[in-house]
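>>> here's a sequence, model it:
(2 chains)
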Amino acid sequence: SAVISQKPSRDICQRGTSLTIQCQVDSQVTMMFWYRQQPGQSLTLIATANQGSEATYESGFVIDKFPISRPNLTFSTLTVSNMSPEDSSIYLCSVGTGEGYEQYFGPGTRLTVT
Amino acid sequence: SQELEQSPQSLIVQEGKNLTINCTSSKTLYGLYWYKQKYGEGLIFLMMLQKGGEEKSHEKITAKLDEKKQQSSLHITASQPSHAGIYLCGADFTSGTYKYIFGTGTRLKVLA
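Numbers count the residues shown, from 1 in each chain, chains lettered A, B, ... in the order given. Predicted coordinates for the structure are as follows:
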């Protein structure tokens, strides 16, 4: 398993602004992912954060809205750009470390956009 | 349409009672993963199932995967208030990937 931290844990932001969420892992991992959990909903994968190259985005998510950085094997950031109230969600990062493709999740960042 | 359905959506049980949560896939899956989420927080990994007919236990929680690899159940024996939270199943449908589809979640409340 891995110990994962996220910053900030929560934030309230005004529409039109941007927020950058940080994800730090206590060990080097190859696979890092970013998920969104909208209120009362399940998790949806936003993108795979690739170290040293551009992130791989899932259908419905674009780099201009959710730019991702992965400068090394222990750290990644997700920026939520030009926010609207519809972006109010919990954003979670996860890592894949196991042989069986299980993922371990960070504590999440609760974002409220007003 | 949702590829992974969970039932029930919510559950309220008296402390000490047994309960079962189901996760049903519309197609054969490669791996099935159970997580617990405390309200508004991150996910805690519980168990992973990959083989048809596989069963795993951890403390009072047992998870099973059917032979067809389309349905999994999570059983809690003698529930406690500490078991309360949202239980999520996740599955990958392609061999050797981390791309999960998550179920709709089951919200469990245990009354002391």
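>>> checking the residue minimising distance to the centre of chain A next. Helix, strand or coil?
For chain A, the residue nearest the mean C-alpha position is A:W34 (3.3 Å; Cα atoms, centre = their mean). Of the three states, A:W34 takes strand according to DSSP: H, G, I helix; E, B strand; the rest coil.
>>> if it is in a bridge, with which residues?
A:A47, A:C93 (DSSP bridges).
>>> would you confirm that it contacts A:L78?
Yes - between A:W34 and A:L78 there is a contact under Cβ atoms under 8 Å: 4.8 Å. (Glycine included, C-beta is placed from N, CA and C.)
>>> quickly list what's touching both of these two.
Counting by Cβ atoms under 8 Å, 6 or more residues apart in numbering or on different chains, the residues touching both A:W34 and A:L78 are A:C23, A:I46, A:A49, A:F66, A:I68, A:Y91, A:C93.
>>> what parts of chain A come near chain B?
A:1, A:4, A:6, A:31, A:33, A:42-45, A:48, A:90, A:92, A:94, A:96, A:98, A:100-108, A:110 (Cβ under 8 Å from any Cβ of the partner chain).
>>> quick one: buried ones out of those?
The neighbour-count test (16 or more other Cβ atoms under 10 Å in any protein chain shown) applied to the residues of chain A next to chain B identifies A:4, A:6, A:31, A:33, A:42-45, A:48, A:90, A:92, A:94, A:96, A:101-108, A:110 as buried.
>>> and chain B, which of its residues are near chain A?
So far as Cβ under 8 Å from any Cβ goes, chain B lies against chain A at B:31, B:33, B:35, B:40-45, B:48, B:50, B:88, B:90, B:92, B:96-100, B:102-105.
>>> buried among those residues? Make that a ChimeraX selection.
Here is the ChimeraX selection string for the buried members of the residues of chain B next to chain A, based on 16+ other Cβ under 10 Å:
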select /B:31,33,35,41,42,43,45,48,50,88,90,92,98,99,100,102,103,104,105
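>>> look up phi and psi at B:T62.
Backbone torsions for B:T62, taken as degrees, to the nearest 10, come to phi -120, psi 130.
>>> whoops, B:S82 was the one
Dihedral angles of B:S82 (phi, psi; degrees, to the nearest 10) stand at phi -70, psi -10.
>>> and it, how many neighbours?
Around B:S82 there are 9 other residues, counting by other Cβ atoms under 10 Å in any protein chain shown.
>>> what sits against it?
B:S82 touches B:V110, counting by Cβ under 8 Å, 6+ apart.
>>> so how far is chain A from it?
In this view, B:S82 and chain A are 18 Å apart by Cβ to the nearest Cβ, to the nearest Å.
>>> now A:S27: how far from A:A55?
Using Cβ to Cβ, to the nearest Å, A:S27 is found at 21 Å from A:A55.
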